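Peer 1: Sequence and predicted structure are below.
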Amino acid sequence: MKLQFASSLLAAATLALGACASDGKQAGGGGGETANYDSQLKAVQAAYAQLDQNGGAWVFTSEMIENAKKAASEGKSEEALKLLAKAKFEVDAAGKQQDEQKKAGPVLF
């Protein structure tokens, strides 16, 4: 049940990030990149936290998220968005791995 909830949360975060996936340039000026970054950061952090709580998070994903925050604080928005995209990929892959390992067991010959 807990893993099913984690899968549902991961799917919701993936959908949220997919809706935010753009080139970061929205009508009305340069504020779009910040809004895009903020929404992606929140979604990735939520999905990562859920995986981490269930023991399925990968080791270096949190470091990648922190590096994205650092890049954003230094005004390197393009680098921050690229790092978040990589972190999103890792969160998605870790969730898939966790789901697949639910079925793991000994191989009987």
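Peer 2: Yep, it's here.
Peer 1: How far away from the center of its chain is the longest helix belonging to the chain?
Peer 2: Using DSSP state H, we find that the single longest helix of the chain is helix 77-101. When distances are taken as C-alpha atoms, centre = their mean, to the nearest Å, helix 77-101 is centred 5 Å away from the chain's centroid.
Peer 1: in this structure, which spans are helices?
Peer 2: Per DSSP H, the chain carries helices over the ranges 2-20, 31-53, 61-73, 77-101.
Peer 1: TSV for those, including mean pLDDT, mean neighbour count and distance to Phe109?
Peer 2: The way it works is simple: take the backbone N, C-alpha and C, and place the C-beta from them, glycine included. Converted to TSV, those look like this (pLDDT from 0 to 100; neighbours: other C-beta atoms under 10 Å; distance: least, C-beta to C-beta, whole Å):
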stretch	mean pLDDT	mean neighbour count	distance to Phe109
helix 2-20	51	15	28
helix 31-53	89	18	33
helix 61-73	96	17	36
helix 77-101	95	18	21
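Peer 1: can you redo those as JSON lines with distance to Val107?
Peer 2: Listed next are those as JSON lines, based on distance: least, C-beta to C-beta, whole Å:
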{"stretch": "helix 2-20", "distance to Val107": "22"}
{"stretch": "helix 31-53", "distance to Val107": "26"}
{"stretch": "helix 61-73", "distance to Val107": "29"}
{"stretch": "helix 77-101", "distance to Val107": "14"}
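Peer 1: hmm, back to that, can you state the direction angle for the longest helix of the chain and helix 61-73?
Peer 2: Here helix 77-101 runs at an angle of 160 degrees relative to helix 61-73 (axes from the mean of the first three to the mean of the last three C-alpha atoms, to 10 degrees).
Peer 1: Helix 77-101 vs helix 31-53, what angle?
Peer 2: Going by the same axes, to 10 degrees, helix 77-101 makes 30 degrees with helix 31-53.
Peer 1: Thought Ile65 was touching Ala87, still the case?
Peer 2: Yes. Because the distance of 5.1 Å satisfies C-beta atoms under 8 Å, Ala87 is recorded as touching Ile65.
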